[in-house]
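Participant: What follows is a predicted structure for the sequence shown.
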Amino acid sequence: MPEYNAGKVADYADGDRKVIVCGDKEVGVFRLGDEFFAWHNRCAHRAGPVCQGRIMKRVLEPVADDHTVRSMEYDESEINIVCPWHGYEFSIKTGAHQGNASVRLRKADLAIRDGEIYVVLQ
């Protein structure tokens with residue numbers, strides 16, 4: 001299985017990401033706290049460059065009793081990546097789309113050895 005160097009662990013601050021060219025594919029590597037996550041840079045909706053989108057807290061729209069939405073809030077516990085093409089939001093931790101669990105990003109494997117991060121493609 002081919003491996004591609006994604007840099008040193010120390011090069012990533014909390015909340016950082018890098019998009020790595022892996023042969024004919026691209027993979028986004030994200031750091032949240034002490035954890036790293038990697039997703040193919042291809043949105044599950046229309047194949048847009050999802051890993052290059054905005055990183056933000058999950059958007060919530062509380063619905064009132066009369067079924068209207070009067071505000072927007074943010075979920076402090078969930079960080080999403082937002083595809084720049086059509087605004088689809090995906091959890092950086094799980095790759096799942098917030099509104100449809102069957103729509104998700106394709107995961108890439110990571111290996112960390114001697115302080116270096118490697119993307120492993122199967």
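Facilitator: Received, thanks.
Participant: confidence score at the residue nearest the centre of the chain?
Facilitator: For the chain, the residue nearest the mean C-alpha position is I92 (3.5 Å; C-alpha atoms, centre = their mean). If you check I92, the pLDDT there is 96.
Participant: how close does it get to H67?
Facilitator: 31 Å (C-beta to C-beta, to the nearest Å). Just so you know, the C-beta spots here come from the backbone N, C-alpha and C atoms, and that holds for glycine as well.
Participant: Would you check how far apart R104 and Y88 are?
Facilitator: 11 Å.
Participant: which residues do those two both contact?
Facilitator: Shared contacts of R104 and Y88 (C-beta atoms under 8 Å, 6 or more residues apart in numbering): A44, H97.
Participant: When the two are compared, which one has more neighbours?
Facilitator: For R104 versus Y88, the count of surrounding residues by other C-beta atoms under 10 Å is larger for Y88: 23 against 15.
Participant: Tell me who's in contact with that one.
Facilitator: Y88 touches C43, A44, H45, V50, V82, H97, V103, counting by C-beta under 8 Å, 6+ apart.
Participant: Need the residues you listed in JSON lines (columns: distance to F30 and neighbour count).
Facilitator: As requested, the contacts of Y88 are exported to JSON lines (distance: C-beta to C-beta, whole Å; neighbours: other C-beta atoms under 10 Å):
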{"residue": "C43", "distance to F30": "15", "neighbour count": "24"}
{"residue": "A44", "distance to F30": "16", "neighbour count": "21"}
{"residue": "H45", "distance to F30": "19", "neighbour count": "16"}
{"residue": "V50", "distance to F30": "11", "neighbour count": "26"}
{"residue": "V82", "distance to F30": "13", "neighbour count": "18"}
{"residue": "H97", "distance to F30": "16", "neighbour count": "20"}
{"residue": "V103", "distance to F30": "19", "neighbour count": "15"}
